[in-house]
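Asks: Next one to model:
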Amino acid sequence: MRASDLRDTILEAAGDRLTAAQVGPMLVDAFFSTQLRLVDDRWAGDPFILPPYAATNIVEPIYGTLDRYGRRKYTEALIGLPRKHAKSTITAGAGLFHFFMEPVVGQEIVVLAFDEDQARLILNFARGMIDQNPLLKELVGGKTYKNVIEIPEIGAKFYVIPNKSAAGQAIHPRIVICDEPHTYPNMDVVNALRSGMGGREEPLLIGITTAGRTRMGPLWDWIKAIRKDPRGYLYWQGAKDSDDAADPKVWRRTNIAPWITMEYLKDEYRRLTRAEFEQYHLNRFPTTNDAARAFRWQEWKRCQRHPIVDAEEPCVITVDGANKGDCFAIIVDRRDAAGDHHMESYIFDEPPPDTGYYDLTEIEEFIASLWQTRNVTRVALDPNRLLLLMQRLERDHGIPVEEFGQTNTRMCPASATLRELVRTGRIRAGRGTVIKEHILNAIELPREPIGWRIGRGAKAEKIDGAIAAAMAVYIAEAESDGAPSFAKTGGVWSVPLG
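Replies: Numbering: from 1, shown residues only. Here you go, the predicted model:
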């Protein structure tokens, strides 16, 4: 079988009833549905039927819009889709379409991936689709190689490269597909590939991606540029800036893939940070710094029930403060049998104007009074910030203070614990305005691969209360699980697995 036979066979079956603008989309649809089979998950072995959103918004505009010479109008396209919309699978299939259905002698089909692992994944998808089709396998000479797929008859090559500085040099592709360009640190490799496409017959560069973390950087600039490009096409399936990220109706309207369920989105909403959910599942760039806020006012309102103070019940005390002594946050937290946290907040963030800082003795005596009047099981603070206070509490009052270093390994799970309790309304913190401000000032700081942690959005915004609250609920939850004290273990303990 010759490389051009497959295309000719499909065109003959269609007959003369198609217009010139209908031929391209028909070829794509026919190739996917009759020649490709899926290779992943429960759909492995099923025909690759393009979902309606891909057929209508990607295939028809890109392959069915022609210029006055009857060639594809668009030489560049940027497609934005939420997570789980088959981006990598479509990327592999699109590369194979150009590889087999447009058999240009010596052509190079290049997929640009973020790193070697993603490049290998896409190439394995393509290789798996070929291996399931005897005709395609015959065209590649019965075998595919580790890093490249070839059609020996015409010298065509299909390969995937990682986004490294020198990767695009000395390559002259006809088709380039950029997988997840929101992960690219810059556009150097993309620009090198663009330059190499010069003079090729009907060149096409396609980017398929999810939104980035911020409204700046390579992807954001690409979106702005392609909107002005008469030969560029942009399709972005994402939430509007005016949409409420917490509204399930927005989730459903944005996630148009039929296999995505509301149960899955609800689980992701609970699991991810707000910024992550907005980026991955609403396919929306954060609008302002507020989009990265760790806690929503609508959720915190449910936490304004008054705490039930019971001096006889076990509780924990946590302290956070600024190095310069102008702010201290003390949290007393009691977790009841139902899992609700009764949280008392004592926040000192308006120091005397004549000094600009608090007398440490005042803070020390206040903590000591709480220790004497409550059934306190654990007291914790960050020794890097409050070492002197820690030493004085132990020396002058006999209070065993635990070290809670604010490292990512501590603060990421602590922040996530507080976030989950706020979301589910399991905190009773009262209507205090100061703790509310500290909580709502906190933003999400990504700390891959661990997760995220509470951070400060603006220098003037105080978040000590939020940090102390995260420490408190994290320790109180550990107490409820029977975990040993930080004072005894240093935060490391063994758990029996049998």
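
Asks: so how far is residue 452 from the residue sitting furthest away from the middle of the chain?
Replies: Going by CA atoms, centre = their mean, the residue of the chain most distant from its centre is residue 396, 47.9 Å out. Taking CB to CB, to the nearest Å as the measure, residue 396 falls 38 Å from residue 452. Yep, even glycine has a C-beta here, placed from its N, CA and C like the rest.

Asks: so where is the stretch 151-300 of the chain shaky, pLDDT-wise?
Replies: Across the stretch 151-300 of the chain, the ranges flagged by pLDDT under 70 are 165, 287-291.

Asks: My read is that residue 78 contacts residue 225, right?
Replies: No. Using CB atoms under 8 Å, residue 78 makes no contact with residue 225, being 9.2 Å away.

Asks: which residues do those two both contact?
Replies: Here residue 78 and residue 225 have residue 232 as joint contacts, going by CB atoms under 8 Å, 6 or more residues apart in numbering.

Asks: quick one: which of the two has more around it?
Replies: Taking other CB atoms under 10 Å, residue 78 and residue 225 do not tie; residue 78 has more neighbours (23 against 14).

Asks: contacting residues around the closest residue to the more buried one other than its chain neighbours?
Replies: Computed as CB to CB, 6 or more residues apart in numbering, the closest residue to residue 78 that is not its neighbour in sequence is residue 207, at 4.5 Å. Contact analysis of residue 207 by CB under 8 Å, 6+ apart lists 77-79, 177-178, 181, 222.

Asks: where does residue 207 land in three-state SS?
Replies: What DSSP: H, G, I helix; E, B strand; the rest coil gives for residue 207 is strand.

Asks: where's it relative to residue 179, distance?
Replies: Computed as CB to CB, the residue 207 to residue 179 distance reads 8 Å.

Asks: Likewise for residue 272?
Replies: From residue 272 across to residue 179, the span is 22 Å (CB to CB).

Asks: Looking at those two, which is more packed in?
Replies: Of the pair residue 272 and residue 179, residue 179 is the one with more neighbours under other CB under 10 Å, namely 26 against 19.

Asks: Just confirm that one contacts residue 208, I think it does.
Replies: Yes. With contact defined as CB under 8 Å, residue 179 reaches residue 208; the gap is 6.2 Å.

Asks: Can you name the residues that contact the most centrally placed residue in the chain?
Replies: The structure's the chain has its C-alpha centroid closest to residue 276; by CA atoms, centre = their mean the separation is 4.2 Å. By CB under 8 Å, 6+ apart, the contact list for residue 276 reads residue 452.

Asks: now swap in residue 208 and tell me
Replies: Residue 208 sits next to 79, 81, 87, 90-91, 177-180 when contact means CB under 8 Å, 6+ apart.

Asks: Kindly report the same for residue 96.
Replies: Shown in contact with residue 96 (CB under 8 Å, 6+ apart): 31, 36, 126, 129-130, 136, 158.

Asks: Pull the helix or strand hosting it out as PDB, backbone CA atoms only.
Replies: Assessed by DSSP states H and E, residue 96 sits inside helix 87-101. Output in PDB follows, covering the C-alpha atoms of helix 87-101 (Å, rounded to 0.1, in the frame of the first residue of the first chain):
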ATOM      1  CA  LYS A  87      -5.900  17.100  24.900                       C
ATOM      2  CA  SER A  88      -2.900  14.700  24.700                       C
ATOM      3  CA  THR A  89      -4.900  12.000  22.900                       C
ATOM      4  CA  ILE A  90      -6.200  14.500  20.300                       C
ATOM      5  CA  THR A  91      -2.600  15.800  20.000                       C
ATOM      6  CA  ALA A  92      -1.300  12.400  19.100                       C
ATOM      7  CA  GLY A  93      -4.300  11.800  16.700                       C
ATOM      8  CA  ALA A  94      -3.800  15.100  14.900                       C
ATOM      9  CA  GLY A  95      -0.200  14.400  14.400                       C
ATOM     10  CA  LEU A  96      -1.000  11.000  12.800                       C
ATOM     11  CA  PHE A  97      -3.600  12.600  10.600                       C
ATOM     12  CA  HIS A  98      -1.100  14.900   9.000                       C
ATOM     13  CA  PHE A  99       1.400  12.100   8.900                       C
ATOM     14  CA  PHE A 100      -0.800   9.600   7.000                       C
ATOM     15  CA  MET A 101      -3.400  11.700   5.200                       C
END
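
Asks: in stretch 200-218, what's buried?
Replies: Neighbour-count burial for stretch 200-218 flags 200, 203-213, 217-218 (criterion: 16 or more other CB atoms under 10 Å).

Asks: Whichever strand or helix holds residue 369: which residues count as buried?
Replies: Applying DSSP H and E as the criterion places residue 369 in helix 360-373. Judged by neighbour count (16+ other CB under 10 Å), helix 360-373 contains these buried residues: 363-364, 367-368, 370-371.

Asks: Closest one of the residues you listed to residue 332?
Replies: Using CB to CB, residue 370 comes nearest to residue 332 of the buried residues of helix 360-373, at 6.2 Å.

Asks: and that closest one, how far is that from residue 364?
Replies: From residue 370 across to residue 364, the span is 11 Å (CB to CB).

Asks: coming back round to it: I'd like the average pLDDT over the helix holding residue 96.
Replies: Mean per-residue pLDDT for helix 87-101: 93.

Asks: now do stretch 376-388
Replies: In this model, stretch 376-388 has a mean pLDDT of 90.

Asks: Now do the contacts for residue 54.
Replies: Going by CB under 8 Å, 6+ apart, residue 54 touches 86, 90.

Asks: sorry, that was for residue 430
Replies: With contact taken as CB under 8 Å, 6+ apart, residue 430 is in contact with 304-307, 343-345.

Asks: For residue 114, state which of the residues you listed is nearest.
Replies: Nearest to residue 114 out of the contacts of residue 430 is residue 343 (CB to CB; 41.6 Å).

Asks: sorry, back to before: kindly reformat the contacts of residue 430 as JSON lines and extend each row with neighbour count.
Replies: Formatted as JSON lines, the contacts of residue 430 follow (neighbours: other CB atoms under 10 Å):
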{"residue": "304", "neighbour count": "15"}
{"residue": "305", "neighbour count": "15"}
{"residue": "306", "neighbour count": "10"}
{"residue": "307", "neighbour count": "20"}
{"residue": "343", "neighbour count": "25"}
{"residue": "344", "neighbour count": "21"}
{"residue": "345", "neighbour count": "22"}
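
Asks: Just the ones of these in strands?
Replies: 343-345 (DSSP state E).

Asks: Now pLDDT and distance to residue 425 too, for these, in JSON lines please.
Replies: Output for those, formatted as JSON lines (pLDDT from 0 to 100; distance: CB to CB, whole Å):
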{"residue": "343", "pLDDT": "97", "distance to residue 425": "13"}
{"residue": "344", "pLDDT": "97", "distance to residue 425": "18"}
{"residue": "345", "pLDDT": "96", "distance to residue 425": "17"}
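
Asks: For those, could you give me a markdown table that also reports distance to residue 167?
Replies: Putting the ones in strands among the contacts of residue 430 into a markdown table (distance: CB to CB, whole Å) gives the following:
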| residue | distance to residue 167 |
| --- | --- |
| 343 | 52 |
| 344 | 57 |
| 345 | 53 |
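
Asks: In three-state terms, how would residue 243 be classified?
Replies: Three-state assignment for residue 243 (three-state DSSP): coil.

Asks: That'll do, ta.
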